[in-house]
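[1] missing the sequence, but the structure's below:
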């Protein structure tokens, strides 16, 4: 597969209103968009450095993946997302290599990207997302 | 301060020999360099996507920051590093804003960058490194 770069870093936050100002006003990273991704029960609040984004993730309901993550490990870095040239080719290659992908087909993530996640057990403890930009 | 992008993502690994192949051979991210950073008691094994690096961190001795991190939380994402235009200006601004930086002066990190770390208590749970490239 061909990886084009780090697309974003996903960060689980307890409370956007309280946590966003550090990224926006202290680190001075430009706000790009805020979007509810219903499938994942999160509000994604995206900041763009120009070379890699920061995606703050706030749970929209108890029991969501982000709510469970925060309960278990506390707020902090949740996943890294790489942009790939071809998500279908990436999934095919991962499966051929016995890498545990969380779904056989890509789903639609924030900003309309086609995305798939790789289980941390296959990566040495890191939740890895792959994403292909849609035109 | 001016952030130029995500410089790298630091990932704590138990065993480079076992964990590096996923990043290098499965994700197909090009190996750039391997370096022991004595100050931090780690071997850093760096892979470059072309837009953001992956820095695998293996402890060189028991009791190091990386060894303690793995003991407490397991292997996985350890920190995110942003490239900044001016590390001294960044430290000055962070201190003016009562952000807890781990040292008043930058130290020398991998690849000769001047670096400073921000305490996770000031960021919502994320260990943030800032780095200025040296010419």
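    Received it, and whenever you're ready, just let me know what you need. Computed from a prediction, not measured in an experiment: that's the story for all the values here.
[2] span of stretch A:102-120 from start to end?
    10 Å (CA to CA, to the nearest Å).
[3] give me the distance between that stretch and the centre of its chain.
    Counting by CA atoms, centre = their mean, to the nearest Å, stretch A:102-120 is centred 9 Å from the centre of its parent chain.
[4] what are the contacting residues of it?
    A:7, A:33, A:35, A:37, A:39-40, A:44, A:46, A:55, A:79, A:81, A:87-88, A:90-91, A:94-95, A:99-101, A:126-134, B:76 (CB atoms under 8 Å, 6 or more residues apart in numbering or on different chains). C-beta: built from backbone N, CA, C; applies to glycine.
[5] buried residues, the host helix or strand of residue A:8. List them.
    Per DSSP states H and E, residue A:8 falls inside strand A:3-12. Neighbour-count burial for strand A:3-12, counted by 16 or more other CB atoms under 10 Å in any protein chain shown, picks out A:3, A:5, A:6, A:7, A:8, A:9, A:10, A:11, A:12.
[6] now do it and strand B:3-12, the angle between them.
    Angle of strand A:3-12 versus strand B:3-12, following axes from the mean of the first three to the mean of the last three CA atoms, to 10 degrees, is 80 degrees.
[7] helices or strands up against strand A:3-12?
    Strand A:3-12 makes packing contacts with strand A:53-59, helix A:65-73, strand A:76-84, strand A:128-132, strand B:3-12 when contacts are defined by 3 or more CB pairs under 8 Å, 6 or more residues apart in numbering or on different chains; DSSP states H and E.
[8] next, format those as TSV and append distance to residue B:65.
    Output for the helices and strands packed on strand A:3-12, formatted as TSV (distance: least, CB to CB, whole Å):
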stretch	distance to residue B:65
strand A:53-59	23
helix A:65-73	18
strand A:76-84	16
strand A:128-132	23
strand B:3-12	9
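[9] about what we covered before: what subset of the contacts of stretch A:102-120 is buried?
    Buried subset of the contacts of stretch A:102-120 (neighbour count, 16+ other CB under 10 Å): A:7, A:35, A:37, A:40, A:44, A:46, A:55, A:79, A:81, A:87, A:90-91, A:94, A:99, A:101, A:126-132, B:76.
[10] let's have the helices and strands packed on strand A:3-12 in TSV, adding mean pLDDT.
    Listed next are those as TSV, based on pLDDT from 0 to 100:
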stretch	mean pLDDT
strand A:53-59	98
helix A:65-73	96
strand A:76-84	98
strand A:128-132	98
strand B:3-12	98
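[11] among these, which is nearest residue B:28?
    strand A:76-84 (9.9 Å; CB to CB).
[12] quick check: angle from that closest one to helix A:65-73?
    130 degrees.
[13] direction included, what does strand A:76-84 pair up with?
    Strand A:76-84 has the following strand partners under DSSP bridges: strand A:3-12 (antiparallel), strand A:128-132 (parallel).
[14] tilt between the longest one and strand B:53-59?
    Using the same axes, to 10 degrees, the direction of strand A:3-12 lies 60 degrees away from that of strand B:53-59.
[15] now strand A:3-12, how far from the chain's geometric center?
    Using CA atoms, centre = their mean, the offset of strand A:3-12 from its chain centre is 7 Å.
[16] packing partners of the helix or strand that it is followed by?
    Where DSSP H and E defines the elements, the next helix or strand beyond strand A:3-12 is helix A:16-21. Helix A:16-21 is packed against strand A:42-48, strand A:53-59, with contacts defined by 3+ CB pairs under 8 Å, 6+ apart.
[17] got the contact list for the last one?
    Outside of strand A:53-59, the residues that reach it under the criterion CB under 8 Å, 6+ apart are A:7-16, A:19-20, A:23, A:29, A:32, A:41-48, A:66-67, A:70, A:78, A:81, A:110.
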